[in-house]
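Trainee: This is a predicted model, with the sequence first.
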Amino acid sequence: MSDHTSLKRIPVSEIEEFINRMVRDNKISVSYQRSLVGAIKKLYELNLGEKLKLD
């Protein structure tokens, strides 16, 4: 994500890939995954005033 100059420029597909990589490589639990998604959504909401849709 360090290639992007702002939060707004990060494609949702890269965020989803990051979460999938965490699940695959770090074997994070479903609970941790939900917390991670919730934190990312909240970050977008508080910083950009946008609702981020992650599946």
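Mentor: That came through, no problem. Numbering: from 1, shown residues only.

Trainee: buried sites along stretch 25-45?
Mentor: L36, V37, I40, K41, Y44 (16 or more other CB atoms under 10 Å). Where C-beta positions appear, they are placed from N, C-alpha and C, glycine not excepted.

Trainee: So which of those sit within helices?
Mentor: L36, V37, I40, K41, Y44 (DSSP state H).

Trainee: Which of the residues you listed sits closest to I28?
Mentor: L36 (7.3 Å; CB to CB).

Trainee: how close does that closest one get to T5?
Mentor: Applying CB to CB, to the nearest Å, the value for L36 to T5 is 23 Å.

Trainee: what does V37 give?
Mentor: 24 Å.

Trainee: now do Q33
Mentor: 28 Å.

Trainee: cool, and S31?
Mentor: 33 Å.

Trainee: same thing with E50?
Mentor: Taking CB to CB, one finds E50 at 17 Å from T5.

Trainee: These two: who's more crowded?
Mentor: E50 (12 against 8; other CB atoms under 10 Å).

Trainee: where's that one, which helix or strand?
Mentor: Secondary structure assignment for E50, by DSSP states H and E: no helix or strand.

Trainee: My read is that it contacts Y44, right?
Mentor: Yes - counting by CB atoms under 8 Å, E50 touches Y44, with 5.4 Å between them.

Trainee: now the ones in helices among the buried residues of stretch 25-45 in TSV, with pLDDT and distance to I10?
Mentor: Below are those laid out as TSV (pLDDT from 0 to 100; distance: CB to CB, whole Å):
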residue	pLDDT	distance to I10
L36	94	15
V37	94	15
I40	93	10
K41	93	13
Y44	92	9
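
Trainee: Show me where the chain dips below the pLDDT cut-off.
Mentor: 1, 55 (pLDDT under 70).

Trainee: can you give me the helices for it?
Mentor: 12-26, 30-48.

Trainee: Output the buried residues of stretch 25-45 as JSON lines; include the columns distance to N26.
Mentor: Below are the buried residues of stretch 25-45 laid out as JSON lines (distance: CB to CB, whole Å):
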{"residue": "L36", "distance to N26": "10"}
{"residue": "V37", "distance to N26": "15"}
{"residue": "I40", "distance to N26": "16"}
{"residue": "K41", "distance to N26": "20"}
{"residue": "Y44", "distance to N26": "22"}
